[in-house]
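Visitor: take a look and give me a structure for this.
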Amino acid sequence: MTTTTLAVLVPLLPFLGAAAGLLLGRTAPGFVRPLAVLPTLAALVLAVLVAARQGGDQAVDAVTELTPTGSVPIELALHIDGFAALVAVLVGTVATCVQIYSTGYLRDDPRYTSYAALVSLFTSAMFLVVYSGDLMVLLVGWEIMGICSYFLVGHYWETPEARAASLKAFLVTKLGDVPFLIGLLALATDVGSFRITKVLGAVASGSLDHPTLIALLLLAGVAGKSAQFPLHTWLPDAMAGPTPVSALIHAATMVAAGVYFVARLLPLFEASRAAMVVLAVMAAVTMAGSALAALAQDDIKRVLAYSTIGQLGYMTGALAAGDRGAAVFHLLTHGAFKALLFLAAGVIIHAAGTNSLAAMSRMRNLRDRVPDAYWTMTVALLALAAIPPFSGFFSKESVLGAAEHVATGHTEHAPGAAGWTVLLAGLLTALLTAAYATRLWLLAFHGRGAEAPDHGRQPVVMNAVLWVLALPSLALGGLAFRLLPDWFDGHDLTPTLTTSVLGTGVALVGGIVTYAAWRHTTALAARSPLGAVAAHPEGDAALVEAAAIASHQPAYGDVAYATDPADPGRLLLGPLHRHAAVGFHLDAVYTTLFVRPVQAGARLVRFLDREVVDTYVRGAGTLPRWLGAAVRRAQTGNVQTYVSALLAGTVVLAVAAVLVATGA
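Guide: Purely as a prediction, here's the structure:
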């Protein structure tokens, strides 16, 4: 088969698997799991073959017109360059791991059939986004991912948290998609086509009339889909869905789409220096703010959610520096270790038997109970903190190196201000990332909270997937910058000395300071009333409650839920902790600026509709009703009454005629 045929089959197979899974879910439930795993696995194999044939060389292009529109044509086009080939392999790898992992994680879930079908459809949509050479077809995959995320985040729809989170994710991302669609239409109007190759050709020839306006409109959609400031607030709440869904959304599909889109059309954004500065500021605020918020979270999945936001900030920072190779490189390594982090967190939650025990301050002795998750999550956290030789070190240093090149004037792809903004924010975020990664590791595996009930060993497939993802988390970065330069436009991804020393140095400082703070808070907690109770799980509920009151800590009525007061995040953040824990009140700001005015407007419209418009409607019906009642009373059915009325009328008419004649 040709490369084009293979590429067409890559998004088609998961789509067919989703359709078949839904059709056979009730009649042949034994086929559900094979139909969830095998089509996605086959798509991964084909994506690898496409990447091998493409080889990072000349892009593969194929096009056929879907339907004549009379103006700007919409075409079913493929445009597979090195970036597309590698990102497709990442999507297939993570999606396959998630599907295999889910067979164990959700083995007793009554809605597994619909869940697996939605994950397959989600995967198919991302493949469509990656391979599409037409922006309107890309938008189809973009929107399918949005609706799939709505259903998957709300999988546990019985809980109000899941319902609210799914609705929030849908509305916030749609808020960015509206200007995104307007930007696509404006771009097609300027270029005369939705084809990516023609758009890039128009940019190269300087024939775009409104590059700044178009770039800023498109950035709004990117901010919503890739959870960048100020449209990032949906992502932490999206943790209400099943943990494998979080791994899929965060690692390889939905949030990666915005970064990948900018990487595809980076020359368009480079045509506007204002757009590049906006992109740099957005990346800097996102990086630093999300890292501070992650340092204050107690729920392990929310820590990882804010971590994803920050790492996406690194990717957009690399794009703001004009280096899409560094951005996609970090997207690939991040996809591996972030999927591993979420799936390892899922093992921890599965061991506890409930999502409600995801709070790190309530964890105890997990190192011995989940050894596979312990070792693999340690690898992933080291990659997240960019400690050499783990994969995150190489990709993060490529981002910092790109920012340094721009800041020192070695490239003209972006303004120097954008380079300095990304570089300084990236170094600060490296410090904070190592801090919250160390805090997560200490609290989750060495915490002093009361021990949760042991629900036994996890299914083998879950632990096996962790070790599969541990390999790229450990070695992908080192192999990629040596073996895959052709896939990154021939760009040299070798870490530079300056940023390597600075980045690794601040990361080590962040980890060491956090460990010292944890030792200090542990010593203080051991002398506190609650610390004494946490150290003796045999204590009763009354003692826990009394100790919690004395230590100003929440009590949950049972020693199994006693919290660990030894949290270094509180010590490191000080008075900033309570603000960072709630995302710096951005949800409250949005509620004040947007939600409450909209609700007030809705109440006003309801009042006007009910009390004003309905009043006129009711009044318009009242007069005919009264006239009808009067006529109805005259219709008695009594002939004598009718004759009397007729005579009376005759008399009245006669009198009137006489009066008229007399007057004449």
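
Visitor: tell me which element residue 388 falls in.
Guide: Counting by DSSP states H and E, no helix or strand carries residue 388.

Visitor: same deal with residue 61?
Guide: strand 60-67.

Visitor: packing partners for the helix or strand following that strand?
Guide: Downstream of strand 60-67, the next assigned helix or strand under DSSP H and E is strand 74-80. Here strand 74-80 touches helix 3-24, strand 60-67, helix 112-131, helix 135-153, helix 196-205, going by 3 or more CB pairs under 8 Å, 6 or more residues apart in numbering; DSSP states H and E. (Each C-beta comes from the backbone N, C-alpha and C, glycine too.)

Visitor: go again with 10 Å.
Guide: helix 3-24, helix 32-54, strand 60-67, helix 112-131, helix 135-153, helix 196-205 (3 or more CB pairs under 10 Å, 6 or more residues apart in numbering; DSSP states H and E).

Visitor: pick the most buried one from those.
Guide: Ranked by mean neighbour count under mean count of other CB atoms under 10 Å, the helices and strands packed on strand 74-80 are led by helix 112-131, which reaches a mean of 26.

Visitor: can you give me the angle that one makes with strand 60-67?
Guide: 110 degrees (axes from the mean of the first three to the mean of the last three CA atoms, to 10 degrees).

Visitor: quick one: helix 112-131 to helix 32-54, angle?
Guide: Using the same axes, to 10 degrees: helix 112-131 against helix 32-54 is 10 degrees.

Visitor: send the alpha carbons of helix 112-131 over as CSV?
Guide: Extracted C-alpha coordinates of helix 112-131, given in CSV (Å, rounded to 0.1, in the frame of the first residue of the first chain):
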residue,chain,number,x,y,z
TYR,A,112,-17.3,0.6,29.7
THR,A,113,-18.7,0.1,26.2
SER,A,114,-19.5,3.7,25.7
TYR,A,115,-16.3,4.8,27.4
ALA,A,116,-14.1,2.7,25.1
ALA,A,117,-16.0,3.9,22.0
LEU,A,118,-15.5,7.5,23.0
VAL,A,119,-11.8,7.0,23.6
SER,A,120,-11.5,5.4,20.2
LEU,A,121,-13.4,8.3,18.6
PHE,A,122,-11.2,10.7,20.5
THR,A,123,-8.1,9.0,19.1
SER,A,124,-9.5,9.0,15.6
ALA,A,125,-10.2,12.8,15.8
MET,A,126,-6.7,13.5,17.0
PHE,A,127,-5.2,11.5,14.1
LEU,A,128,-7.4,13.6,11.8
VAL,A,129,-6.1,16.8,13.3
VAL,A,130,-2.5,15.6,12.9
TYR,A,131,-2.6,14.4,9.3
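
Visitor: from the chain's centre, how far out is it? Work that out for me.
Guide: Remark: helix 112-131 is offset 15 Å from the chain centroid, using CA atoms, centre = their mean, to the nearest Å.

Visitor: grab the nearest non-local neighbour of residue 200.
Guide: Of all residues not flanking residue 200 in the chain, residue 267 sits nearest, at 5.8 Å (CB to CB, 6 or more residues apart in numbering).

Visitor: residues contacting the one you found?
Guide: 199-204, 211, 322, 324, 413 (CB atoms under 10 Å, 6 or more residues apart in numbering).

Visitor: average pLDDT across the helix or strand harbouring residue 522?
Guide: Using DSSP H and E, residue 522 maps to helix 497-526. Per-residue pLDDT over helix 497-526 has a mean of 90.

Visitor: now stretch 657-664
Guide: Stretch 657-664 shows a mean pLDDT of 78.

Visitor: state the distance from the residue nearest to residue 200 to residue 138.
Guide: Separation of residue 267 from residue 138 (CB to CB, to the nearest Å): 17 Å.

Visitor: re earlier: lowest mean pLDDT across the helices and strands packed on strand 74-80, which one is that?
Guide: Note on these: lowest mean pLDDT is at strand 60-67, with a mean of 84.

Visitor: elements contacting that strand?
Guide: So strand 60-67, by 3+ CB pairs under 10 Å, 6+ apart, packs with helix 3-24, helix 32-54, strand 74-80, helix 196-205.

Visitor: low pLDDT regions in this structure?
Guide: Counting by pLDDT under 70, the chain contains low-confidence ranges at 352-358, 449-457, 480-481, 485, 490, 525-565, 664.

Visitor: picking up where we left off before, strand partners (parallel or antiparallel) of the strand holding residue 61?
Guide: strand 74-80 (antiparallel) (DSSP bridges).

Visitor: residues contacting the residue nearest to residue 276 when sequence neighbours are not counted?
Guide: Of all residues not flanking residue 276 in the chain, residue 414 sits nearest, at 4.8 Å (CB to CB, 6+ apart). Residue 414 sits next to 266, 269-270, 273, 276-277, 279-280, 319-323, 402-403, 405-407, 422 when contact means CB under 10 Å, 6+ apart.

Visitor: now the helices for the stretch 451-600 of the chain?
Guide: Secondary structure of the stretch 451-600 of the chain, counting by DSSP state H, counting those that start in this stretch: helices at 460-483, 497-526, 529-534, 541-551, 568-573, 577-581, 586-590, 596-607.

Visitor: which stretch among those helices comes nearest residue 217?
Guide: For the helices of the stretch 451-600 of the chain, distance to residue 217 was read as CB to CB. The smallest value, 20.6 Å, belongs to helix 586-590.

Visitor: quick one, which of the contacts of residue 414 are buried?
Guide: Using 16 or more other CB atoms under 10 Å as the burial test, those include 266, 269-270, 276-277, 279-280, 319-323, 402-403, 405-407, 422 as buried.

Visitor: quick one: which of these sit in helices?
Guide: 266, 269-270, 276-277, 279-280, 319-320, 402-403, 405-407, 422 (DSSP state H).

Visitor: nearest to residue 132, of these?
Guide: Using CB to CB, those come closest to residue 132 at residue 266, 16.6 Å.

Visitor: let me see the contact set for that closest one.
Guide: 200, 203, 276, 319-320, 322-324, 327, 413-414.

Visitor: quick check: it vs residue 321, distance?
Guide: To residue 321, residue 266 is 10 Å away according to CB to CB.

Visitor: what sits in contact with each of those two?
Guide: Common neighbours of residue 266 and residue 321, using CB under 10 Å, 6+ apart, are 276, 327, 413-414.

Visitor: can you put those residues in TSV and add secondary structure?
Guide: Listed next are these as TSV, based on DSSP: H, G, I helix; E, B strand; the rest coil:
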residue	secondary structure
276	helix
327	helix
413	coil
414	coil
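
Visitor: max pairwise distance over the residues you listed: which two?
Guide: 276 and 327 (13.1 Å).

Visitor: need the overlap of contacts for those two.
Guide: Contact criterion CB under 10 Å, 6+ apart; residues shared by residue 276 and residue 327: 266, 319-321.

Visitor: of those residues, which is the nearest to residue 159?
Guide: Proximity of those to residue 159 (CB to CB) peaks at residue 319, which lies at 36.9 Å.

Visitor: these two touch, right, the closest one and residue 278?
Guide: No. The pair residue 319 and residue 278 does not pass the contact test of CB atoms under 10 Å, sitting 11.6 Å apart.

Visitor: common neighbours of the two, please.
Guide: 269, 418.

Visitor: buried residues in the strand or helix carrying residue 368?
Guide: According to DSSP H and E, residue 368 maps onto helix 366-369. Within helix 366-369, the residues that count as buried by 16+ other CB under 10 Å are 366-367, 369.

Visitor: including distance to residue 348, could those residues go into JSON lines?
Guide: Below are the buried residues of helix 366-369 laid out as JSON lines (distance: CB to CB, whole Å):
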{"residue": "366", "distance to residue 348": "6"}
{"residue": "367", "distance to residue 348": "11"}
{"residue": "369", "distance to residue 348": "9"}
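
Visitor: picking that back up, the contacts of residue 266: which two are farthest apart?
Guide: 200 and 320 (18.8 Å).
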